[in-house]
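>>> missing the sequence, but the structure's below:
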């Protein structure tokens, strides 16, 4: 489809009409007085006149000037060819995952589907492998936390890189404590820099906060105010006592405040229920972007004007050369 980017530029077509309001151009030329002027008049059979002489353009010059003005104004209006609409899909959700790397994650109280008993971090990585396999349309980010919360991976569509960065995490690399609330605070900051309106945080932890600047529930209230939903997955045995104990009450409350959901993942059955529920509550989401490719054609009228100008003057030069040749041949 053809259209003009700046149709108002066509008003410039009326600009030559202003020339009618201007006085005509005048040019004075010198003359030579000769004593035999009357004889020249008699021999040439012409009648002498006084006053101005108006030079007139021929039809070709009128056409050339008019065409070039039309071409320049048309180019200024920027004609362009608009192609059919093209639709692209992009991730419609930013999904941040926060992983607890505190010392309590060394507890070996999780049973893998193979029947093998694993520590909590190994269980976390297994849980995330199940969840992210179903989140192909989401942009993933990764936070790790222990004595402090750190960004391991910003939001990315490259799930292979994200998975590799998750594999490189180890227990204690962020410290031995559990700043559950601070990990939520860091996620809020990262979501504030995101363009997505659909923001989800999944936290995998033993839930026993041991030193956050902001308590987890208070941080969750701030997240809820920013429209962030939090899903918590408790890894480990809730009957464990001491520093490795699970704070189920805090885990449940954090999810409840933000409109999310909390889960316990101790074995393959609970694990399957957790990722199936999350997949149901947060189905794959795409944003469709539609645009129409535009190809500028402003160079075509300019090229046509240049070609016509060159042809006209080449033709004039050829006529002058031809006339000169005939004169000398005679």
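Good, I have the coordinates. This is a predicted model, so every value here is computed, not measured.
>>> those strands in the stretch 151-300 of the chain, which residues are they?
Per DSSP state E, counting those that start in this stretch, the stretch 151-300 of the chain carries strands over the ranges 199-205, 228-235, 261-265, 286-291, 294-296.
>>> could these be laid out in TSV, adding mean neighbour count?
From N, CA and C alone the C-beta is placed, and that goes for glycine too. Output for the strands of the stretch 151-300 of the chain, formatted as TSV (neighbours: other CB atoms under 10 Å):
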stretch	mean neighbour count
strand 199-205	26
strand 228-235	26
strand 261-265	21
strand 286-291	11
strand 294-296	11
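>>> burial of the closest residue to residue 263 other than its chain neighbours, as a residue count?
Among residues not flanking residue 263 along the chain, residue 274 sits closest, at 3.9 Å (CB to CB, 6 or more residues apart in numbering). The number of residues packed near residue 274 is 23, by other CB atoms under 10 Å.
>>> Between the strands of the stretch 151-300 of the chain, which one is closest to residue 78.
Among the strands of the stretch 151-300 of the chain, the nearest to residue 78 by CB to CB is strand 294-296 (6.3 Å).
>>> Parallel or antiparallel, which strands does the closest one pair with?
Here strand 294-296 has these sheet partners by DSSP bridges: strand 79-82 (antiparallel).
>>> Pull the distance from the partner strand to the chain's centre.
22 Å (CA atoms, centre = their mean, to the nearest Å).
>>> That one: which residues count as buried?
For strand 79-82, a neighbour-count test (16 or more other CB atoms under 10 Å) marks 79-80 as buried.
>>> again, but for stretch 111-118
Across stretch 111-118, burial judged by 16+ other CB under 10 Å covers residue 118.
>>> what do you get for stretch 309-320?
Buried residues in stretch 309-320, counting neighbours by 16+ other CB under 10 Å, are found at residue 312.
>>> neighbouring contacts of it?
Residues outside stretch 309-320 that contact it (CB atoms under 8 Å, 6 or more residues apart in numbering): 60, 64, 68.
>>> about what we covered before: put together a markdown table for the strands of the stretch 151-300 of the chain, with mean pLDDT and distance to residue 165 on each row.
Listed next are the strands of the stretch 151-300 of the chain as a markdown table, based on pLDDT from 0 to 100; distance: least, CB to CB, whole Å:
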| stretch | mean pLDDT | distance to residue 165 |
| --- | --- | --- |
| strand 199-205 | 87 | 15 |
| strand 228-235 | 86 | 19 |
| strand 261-265 | 82 | 21 |
| strand 286-291 | 59 | 24 |
| strand 294-296 | 84 | 39 |
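>>> can you redo the ones you listed as TSV with distance to residue 43?
Formatted as TSV, those follow (distance: least, CB to CB, whole Å):
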stretch	distance to residue 43
strand 199-205	100
strand 228-235	104
strand 261-265	114
strand 286-291	77
strand 294-296	62
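>>> And those strands: which comes nearest residue 159?
Taking the strands of the stretch 151-300 of the chain one by one with CB to CB, strand 199-205 is closest: 14.5 Å.
>>> That closest one pairs with which strands, and in what direction?
strand 94-100 (parallel), strand 228-235 (parallel).
>>> just the angle between the longest one and strand 261-265, please?
So that's strand 228-235. Interaxial angle of strand 228-235 relative to strand 261-265 (axes from the mean of the first three to the mean of the last three CA atoms, to 10 degrees): 20 degrees.
>>> where does strand 228-235 sit relative to the chain's centre, distance-wise?
Mean-position distance between strand 228-235 and its chain equals 31 Å (CA atoms, centre = their mean).
>>> again with the shortest one
Chain-centre distance of strand 94-100: 24 Å, with CA atoms, centre = their mean.
>>> Looking at that strand now, give me its mean pLDDT.
The pLDDT scores in strand 94-100 average 88.
>>> how much distance is there from the lengthiest helix in the chain to the middle of the chain?
Counting residues, the longest helix in the chain under DSSP state H turns out to be helix 299-329. Chain-centre distance of helix 299-329: 50 Å, with CA atoms, centre = their mean.
>>> re earlier: among the strands of the stretch 151-300 of the chain, which is nearest residue 121?
Closest of these to residue 121 is strand 228-235, at 8.2 Å (criterion: CB to CB).
>>> what's the domain layout of the chain?
Following automatic domain parsing, one finds the domains of the chain at 1-17+54-84+292-325, 90-288.
>>> Which one, of those domains, ends up nearest to residue 39?
Of those, the one closest to residue 39 (CB to CB) turns out to be domain 1-17+54-84+292-325, at 27.5 Å.
>>> In this structure residue 161 contacts residue 152, no?
No - taking contacts as CB atoms under 8 Å, residue 161 lies outside contact range of residue 152: 11.0 Å.
>>> Comparing those two, which shows the higher neighbour count?
Between residue 161 and residue 152, residue 152 has the larger neighbour count (other CB under 10 Å), namely 20 against 12.
>>> The more buried one and residue 35: what is the separation?
Relative to residue 35, residue 152 is positioned 107 Å away (CB to CB, to the nearest Å).
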